[in-house]
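Enquirer: Requesting a structural model of the entry that follows:
(one chain, ligands or ions: 1)
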Amino acid sequence: MRSLLFLMFMLSLAKLSAQEASPAWARETPEAKEKRMEWWRNDRFGLFIHWGLYSVPARHEWVQQREQISTEDYEKRYFNLFDPDLYHPEEWAAKAKEAGMKYAVITTRHHEGFSLWDTKFSDFKATNTPAKRDLIKPFVEACRNAGLKVGFYYSLIDWHHPDFTVDGTHAMRNNQEARASNAHRDMAKYRQFMKDQVRELLTNYGKIDMLFFDFSYPGKDGKGHEDWDSEGLLKLVRQLQPDIIVNDRLGLDAGWGWDYRTPEQFMPQSWPEIDGQKVPWETCQTFSGSWGYNRDENTWKSTNQLIAMLIEVVSKGGNLLLNVGPTARGYIDDRAQERLEGIGRWMKYNDRSIYGCTAAPSEFQKPDNCLLTYNPDTRRLYVHLLQWPFQTLYLPGFRGKVRYAQFLHDGSEVKFTVRTEASSHEHMAITAGANDLIVTLPIVKPNVEIPVLELILE
Ligand code: GLC
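Expert: Residues are numbered from 1 along each chain as shown. Model prediction:
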């Protein structure tokens, strides 16, 4: 008995010291995680920025891969020409802010392997182009000054690094000589290179709020999270910036503690779940299809579509990271500006239905042609009218749940009624259900891209 007690005592001591030895990030409770992600869940809307050498050819950020351009040619053509003489990151930050965005995530290094900062670990960097300077530093400062949170995108793929395997997705995949060079390419060195760079990024630029890794794939050549040492990378990130929020593209399963899902260029049907649990998510979307500046692309979404997209994302409990691809000279082109301004015009008077909001409780069913968001702190429900109805809006089953209704953009009262015995044969009440609210709207749609009703609940 005595020896059993002794054994139990020793075991509990061992457990205690193991806990102490494990770093804080590995011991994070679900509550602590909630707290760490609070700003992100509240803010909902951020700017993604894809900027690199690919802005020069201006026909997609995968141009090197698509056109199978060799490292030498890519350098000759674009590296030696990259001269963003009109780069004013404070203008970018101001545009993001005006649009109602609360954070900005920039490609510090995309798949082409070009670093926008003055890294010690590569010569393929902005400082060695005609730009002749670290372009990340002023970006971070501009965001900070504008009150935007800062995120870094970092590519796991690198078509320039001499140790990165020439695999099936590589720009040089069809070049026999390049393929043969795999014999002396050493991914262990590449893994170290990524860690060195990530350490620089997370050490030299102050507090970094988000990290967007992109992306791990199993691939034919047996690549996967081990090739990047995703676990090691994530540990390093957590150790350097304990409060940082990290995306899910390291190829690690959910138990590994990345923070949010990243559906790309599509709208999930409903709030994404893992094992029946709703997970934090952020969709990243482009204006026109490409992420990098694409001069000739003509598939631009309208401002109305983009606002509706933001609302729909929040109505499903997510965030929207909307991308802009600045030009090679460093400015945001007219088409993107026009849309950012349009979104800003709407946000100016309607952002209360976005910030701090999430999916509506399931007791509220969305009316025809509408999207609902809900603020759990203020207990206000927002009805977004995607299509302006004729005079009457029926809120199904809302009877007894709403104390007051107003337009969000101008705070003007909106009257509603319910079906009564007396009214049940009269015009608009004829088809209303006994538990519906019947809202009377002006005939003419207010001058708001997507009008919002704010309902103060009982
Ligand atoms: C993809 C693409 C890439 C883009 C990214 C944004 O993974 O490779 O070009 O940067 O998605 O989410």
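Enquirer: In the protein, where is pLDDT below threshold?
Expert: Within the chain, the set of residues satisfying pLDDT under 70 comprises 1-25, 219-224, 424-430.
Enquirer: Okay, domains of it per the record?
Expert: 28-353, 370-457 (automatic domain parsing).
Enquirer: Deepest-packed of these, please.
Expert: Scoring the domains of the chain by mean neighbour count under mean count of other CB atoms under 10 Å gives domain 28-353 as the most buried, with a mean of 18. Backbone N, C-alpha and C define where each C-beta goes, glycine included.
Enquirer: That one near the ligand anywhere?
Expert: Yes: using CB under 6 Å from any ligand atom, domain 28-353 reaches the ligand at H50, E61, W62, D214, F215, E264, C284, W291.
Enquirer: what bridges to L320?
Expert: F45, T283 (DSSP bridges).
Enquirer: so where do the helices sit in the protein?
Expert: 2-21, 30-36, 38-43, 63-66, 71-74, 89-98, 136-146, 176-180, 187-203, 225-228, 230-240, 303-315, 334-350 (DSSP state H).
Enquirer: closest one to V166 among these?
Expert: helix 176-180 (4.7 Å; CB to CB).
Enquirer: Need the contact partners of the closest one.
Expert: Contact with helix 176-180 is made by V166, H170, M172, R173, as judged by CB atoms under 8 Å, 6 or more residues apart in numbering.
Enquirer: likewise stretch 253-271?
Expert: 25-26, 28, 33, 37, 40, 212, 230-231, 234, 238, 245-250, 252, 272, 274-275, 278-286, 309, 312-313, 316-319, 359.
Enquirer: Not counting residues beside it along the chain, what's closest to the residue of the stretch 51-200 of the chain found nearest the ligand?
Expert: Minimum separation of the stretch 51-200 of the chain from the ligand (CB to the nearest ligand atom) falls at E61, amounting to 4.8 Å. Beyond its immediate neighbours in the sequence, the residue positioned closest to E61 (CB to CB, 6 or more residues apart in numbering) is G292, lying 3.3 Å away.
Enquirer: just L395 next, same as before
Expert: In this structure, L395 finds its nearest non-sequential neighbour in L437, 4.1 Å apart by CB to CB, 6+ apart.
Enquirer: Look up how far the ligand lies from that neighbour.
Expert: 41 Å (CB to the nearest ligand atom, to the nearest Å).
Enquirer: what's the first-to-last distance across stretch 28-41?
Expert: One end of stretch 28-41 sits 18 Å from the other (CA to CA, to the nearest Å).
Enquirer: let's number from 55 now, not from 1
Expert: Will do, 55 is the new start, and the previous item becomes stretch 82-95.
Enquirer: contact partners of that stretch?
Expert: 156-157, 203, 263-264, 297, 299, 311, 313-314, 334, 373, 412.
Enquirer: for that stretch, the distance to its chain's centre please.
Expert: Centre-to-centre, stretch 82-95 and its host chain are 17 Å apart (CA atoms, centre = their mean, to the nearest Å).
Enquirer: about what we covered before: the residues of domain 82-407 next to the ligand: which two are farthest apart?
Expert: W116 and C338 (15.5 Å).
Enquirer: Show me the contacts of stretch 82-95 that map onto strands.
Expert: Here DSSP state E is the test, and the contacts of stretch 82-95 give Y157, K203, M264, I299, N373 as lying in strands.
Enquirer: isn't Y436 right next to D405, touching?
Expert: No: between Y436 and D405 there is no contact under CB atoms under 8 Å: 10.8 Å.
Enquirer: contacting residues around the residue most central in space within the chain?
Expert: The structure's the chain has its C-alpha centroid closest to L375; by CA atoms, centre = their mean the separation is 3.4 Å. Contacts of L375 were listed using CB under 8 Å, 6+ apart, and they are G100, L101, F102, V159, E336, T337, C338, Q339.
Enquirer: For Y347, give its distance to the ligand.
Expert: According to CB to the nearest ligand atom, Y347 and the ligand sit 13 Å apart.
Enquirer: Next: V300.
Expert: 14 Å.
Enquirer: Hmm, L288 and that residue touching each other?
Expert: Yes: the pair V300 / L288 is scored as a contact, 6.6 Å apart, by CB under 8 Å.
Enquirer: Check whether F461 really touches L507, as I assumed.
Expert: Yes: counting by CB under 8 Å, L507 is a contact partner of F461 at 6.5 Å.
Enquirer: Quick check: neighbours shared by the two?
Expert: Taking CB under 8 Å, 6+ apart as the criterion, F461 and L507 both touch V468.
Enquirer: Identify all contacting residues around stretch 442-449.
Expert: Stretch 442-449 has contacts (CB under 8 Å, 6+ apart) with 421-424, 437, 439, 456, 470, 482, 485-487, 490-495, 497, 499, 505, 507.
Enquirer: how does it look with 10 Å?
Expert: With contacts defined as CB atoms under 10 Å, 6 or more residues apart in numbering, stretch 442-449 is touched by 418-424, 426, 435, 437, 439, 455-456, 459, 468, 470, 481-483, 485-487, 489-500, 502, 504-505, 507, 509.
Enquirer: Just the C-alphas of that stretch, formatted as CSV.
Expert: What follows is stretch 442-449, C-alpha atoms only, in CSV (Å, rounded to 0.1, in the frame of the first residue of the first chain):
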residue,chain,number,x,y,z
TRP,A,442,-35.8,45.6,-52.4
PRO,A,443,-39.3,44.2,-51.8
PHE,A,444,-42.5,45.9,-52.8
GLN,A,445,-43.8,47.6,-49.7
THR,A,446,-44.0,44.6,-47.4
LEU,A,447,-41.5,42.4,-45.8
TYR,A,448,-42.6,39.3,-43.9
LEU,A,449,-40.5,38.2,-41.0
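Enquirer: That one: how far from the chain's middle?
Expert: The answer for stretch 442-449 is 33 Å, by CA atoms, centre = their mean.
Enquirer: tell me, what's touching V300 and L288 both at once?
Expert: By CB under 10 Å, 6+ apart, V300 and L288 have these common neighbours: L265, F267, L306, G311, W312.
Enquirer: Provide the partner residues of the first one in its beta bridges.
Expert: If I follow you right, that is L265. Per DSSP bridges, the residues bridged to L265 are F206, V300.
Enquirer: Hmm, it is touching Q295, no?
Expert: Yes: with contact defined as CB atoms under 10 Å, L265 counts as touching Q295 (7.9 Å).
Enquirer: Now do the shared contacts for the two.
Expert: L255, L256.
Enquirer: can you tell which of the helices of the chain is closest to H165?
Expert: Closest to H165 of the helices of the chain is helix 117-120 (CB to CB; 7.0 Å).
Enquirer: quick check, nearest of the shared contacts of V300 and L288 to the ligand?
Expert: Of these, the one sitting nearest to the ligand (CB to the nearest ligand atom) turns out to be F267, at 10.1 Å.
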